[in-house]
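[1] The sequence isn't on hand, but the structure is:
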Ligand SMILES: N[C@@H](CCC(=O)N[C@@H](CS)C(=O)NCC(=O)O)C(=O)O
């Protein structure tokens, strides 16, 4: 199977997590961000992740892909219970995380931004939705302070470094991709429980963090 994706895309990380954890062989194909033709041809819209199954059919929507790969392997399906505290934490982080990650992800040598036209496409599209990147970079400390406080609040919700609710579950599929993206941000004060959790899930799912290239 092939997974069409961008490295900075948290929805794509969901799909990578389940294939990594369940050791289902999937070939990652990184698209340039301005490649509209490939996704349009596969699923009729410009969106990733896209899984091309062994029978050649294409599937979009990250959670559909997670469920598909999960059931392929047999065994116990992922626990899909999401604690309201985790849902609430994600909702709060969603209000500012893009202001930190969108202006940075174009500068850390990701495959989807290998050309200037891919970078320009992304800046133009995301600026229209989220506002000016330079402004967000200037305001970074405001969002980093918020994140630091939120990481302290998240720490007691992490019950194990094998999975935020004790074992690998849907909570990890929703939470880890957001945290992973935030590892590209310099100056974040990661608490020990969150850091242990991220390093462990990174190992289990074979998805590297961005902590070697913070800006
Ligand atoms: N509901 C979709 C959302 C996927 C999504 O928003 N993907 C973004 C990348 S993070 C995308 O492809 N956006 C179109 C674009 O970047 O042009 C899912 O869960 O798979």
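    Alright, I've got the coordinates. From a predicted model like this one, the values you see are computed outputs, not experimental measurements.

[2] Which parts of this protein are strands?
    2-5, 27-30, 50-52, 58-59 (DSSP state E).

[3] Distance from the second one to the middle of the chain?
    To tie it back to what came earlier, the one meant is strand 27-30. 15 Å (CA atoms, centre = their mean, to the nearest Å).

[4] about what we covered before: for the strands of the chain, which one sits closest to residue 99?
    Within those, the stretch nearest residue 99 is strand 2-5; the backing value is 22.7 Å (CB to CB). All C-beta spots, glycine's among them, are computed from the backbone N, C-alpha and C.

[5] Provide the contact partners of that closest one at residue level.
    12, 15-16, 19, 26-31, 38-39, 42, 48-52, 65 (CB atoms under 8 Å, 6 or more residues apart in numbering).

[6] ok, now with 6 Å
    Strand 2-5 is contacted from outside by 12, 15, 26, 27, 28, 29, 31, 48, 49, 50, 51, 52, using CB atoms under 6 Å, 6 or more residues apart in numbering.

[7] How about the last one: what's its closest non-neighbour residue?
    Beyond its immediate neighbours in the sequence, the residue positioned closest to residue 52 (CB to CB, 6 or more residues apart in numbering) is residue 2, lying 4.5 Å away.

[8] looking at the sheet around the one you found, what are its partners?
    residue 27, residue 52 (DSSP bridges).

[9] quick one: it from residue 53, how far?
    To residue 53, residue 2 is 9 Å away according to CB to CB, to the nearest Å.

[10] ditto for residue 162
    For residue 162 relative to residue 53 (CB to CB), the value is 29 Å.

[11] just to revisit the earlier point, could you say which of the strands of the chain is packed most deeply?
    strand 50-52 (a mean of 23; mean count of other CB atoms under 10 Å).

[12] Give me the domain ranges for this structure.
    2-72, 84-205 (automatic domain parsing).
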